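Participant: Below are the sequence and a predicted model; questions follow.
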Amino acid sequence: MQKDTKKLIYDTFIELLTNKSFDKITVRDIVETCDINRNTFYYYYCDIYDLLEEVFKKELNVLTEAHRDGASWVAAFIKVANTAQSHRKIINNICASRSYDYLENYMHRVCKEILIEVVKRESEGIDIPEEDIDFIASYHLYALVGVISEWFRTGMREDSLHLASQLWLVTDGIKFALRKSRKRRLNRIENGNID
């Protein structure tokens, strides 16, 4: 019964979010639609933002799962983009709200985890300072989240495959940056300036 009630709350929230901006949805709307009391809602969620976070976790989990399955970050983006397009109304309603920062912050956390892994995997066998690995991952993180954010904010009008092909243009940027880091390190060693 508990799992069914939690699912009912979640599904009701998704339904409401499909039809109106996040800012206009209240706990009262959810409990009245579910025909439950407020205490039941608060048994499962601290507040409406907690519920929103669960939506992000569930829906953006596609990205982390695609990455764990060995997909490149561009392939993972395509999966996320397809999921996002199937939930276009929900994303548009989040973007239209004052709470868009929650989505952007969640994307940032998920993408950061993935890009650090990507850069570490690409740097295996290369002697590169950890500081450079973190910087390269952060640089690409801000670019990726920026592209996705802009795509969301403009209503996802651009075809996701076209956007992915544009991202593919810069995938070698990580390898290029790692080679530059290694070359800089070797130059420092040759000049007696060991890190």
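Facilitator: Sure, I can see it.

Participant: Please count neighbours and contacts with C-alpha atoms only from this point.
Facilitator: Noted.

Participant: Find the helix or strand that the residue nearest the centre of the chain is a member of.
Facilitator: Closest to where the C-alpha atoms of the chain average out (C-alpha atoms, centre = their mean) is M107, at 2.5 Å. Using DSSP states H and E, M107 falls within helix 100-122.

Participant: any low-confidence regions in this structure?
Facilitator: Applying pLDDT under 70 to the chain flags the ranges 1-3, 59-73, 76, 188-195.

Participant: returning to what we had before: ok, residues contacting the very next helix or strand once past the helix holding M107?
Facilitator: Going down the chain from helix 100-122, the next helix or strand is helix 130-153, by DSSP H and E. Helix 130-153 is contacted by residues 91-92, 95, 104, 107-108, 111-112, 115-116, 119-120, 123, 157-158, 174, 177-178, 181 when judged by C-alpha atoms under 8 Å, 6 or more residues apart in numbering.

Participant: follow-up on the earlier one: quick check: angle from the helix holding M107 to helix 130-153?
Facilitator: Angle of helix 100-122 versus helix 130-153, following axes from the mean of the first three to the mean of the last three C-alpha atoms, to 10 degrees, is 140 degrees.

Participant: coming back round to it: from E122, how far off is the residue nearest to the centre of the chain?
Facilitator: Here M107 is placed at a distance of 22 Å from E122 (C-alpha to C-alpha, to the nearest Å).

Participant: Report how many residues lie close to L16.
Facilitator: Counted with other C-alpha atoms under 10 Å, residues neighbouring L16 total 20.

Participant: Now do the helix or strand containing it: distance to the chain's middle.
Facilitator: Assigned by DSSP H and E, L16 falls within helix 2-19. Its chain's C-alpha centre and that of helix 2-19 lie 22 Å apart, by C-alpha atoms, centre = their mean, to the nearest Å.

Participant: I'd like to know how far A137 sits from A81.
Facilitator: A137 is 21 Å from A81, where distance means C-alpha to C-alpha.

Participant: swap that for L178, please
Facilitator: Distance from L178 to A81, counting by C-alpha to C-alpha: 28 Å.

Participant: again, but for D172
Facilitator: For D172 relative to A81 (C-alpha to C-alpha), the value is 21 Å.

Participant: With neighbour numbers in mind, choose between the two.
Facilitator: Per other C-alpha under 10 Å, whichever of D172 and A81 has more neighbours is A81, with 25 against 10.

Participant: got a list of what the more buried one touches?
Facilitator: Neighbour list for A81: S160 [criterion: C-alpha under 8 Å, 6+ apart].
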